[in-house]
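In: What shape does this take:
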Amino acid sequence: VQLQASGGGPVQAGDSLRLSCTASGRTFSTYYMGWFRQAPGKEGEFVSGISWRGGGTDYADSVKGRFTISTDNRNVYLQMDSLKSEDTAVYYCAAGPWASRSLRQFGYWGQGTLVTVSS
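Out: Now for the predicted structure:
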């Protein structure tokens, strides 16, 4: 599975941004997809996850109600609304064999895309 993330950039607090992750490979649809982020000086953390099959979703408490994850063909999107300065981080999409919030369960990673939220 190959993953290509895009859509990051500088925004103001309160703005919206949509990240995209394009998956390729013959078996990508069998994986569980996740978005993670890593802020400067901090460890990586789970943001959101979705199953290609059935579309079950999961959100970290810090983003619940503001972020929405969705899929479309080979793409996984993370719609980020009401952005806050604490959302500033490098965002990564990842694929794993089952639903999980643990980075260690995800074996495939895209390159990161930087989101900078200024207040």
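
In: could you pull out the strands for this protein?
Out: For the chain, strands defined by DSSP state E occupy the ranges 2-6, 9-12, 17-24, 32-38, 45-51, 57-59, 67-72, 75-80, 89-96, 108-109, 113-118.

In: Give me the neighbour count for residue 106.
Out: 22 (other Cβ atoms under 10 Å). No exception for glycine: its C-beta is placed from N, CA and C like everyone else's.

In: isn't it right up against residue 99?
Out: No. Counting by Cβ atoms under 8 Å, residue 106 does not reach residue 99; the two are 10.8 Å apart.

In: who's in contact with the residue nearest to residue 63 when sequence neighbours are not counted?
Out: Once flanking residues are discounted, residue 63 sits nearest to residue 47: 5.8 Å by Cβ to Cβ, 6 or more residues apart in numbering. With contact taken as Cβ atoms under 8 Å, 6 or more residues apart in numbering, residue 47 is in contact with 34, 35, 36, 37, 59, 60, 63, 67, 78, 91.

In: same thing with residue 18?
Out: Shown in contact with residue 18 (Cβ under 8 Å, 6+ apart): 7, 77, 78, 79, 80.

In: Produce a PyMOL select command limited to the buried residues of these.
Out: Burial among the contacts of residue 18 is assessed by 16 or more other Cβ atoms under 10 Å; the matching PyMOL selection reads:
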select buried, resi 7+77+78+80
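
In: Could you dump the contacts of residue 18 into JSON lines and include pLDDT?
Out: Output for the contacts of residue 18, formatted as JSON lines (pLDDT from 0 to 100):
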{"residue": "7", "pLDDT": "98"}
{"residue": "77", "pLDDT": "97"}
{"residue": "78", "pLDDT": "98"}
{"residue": "79", "pLDDT": "98"}
{"residue": "80", "pLDDT": "98"}
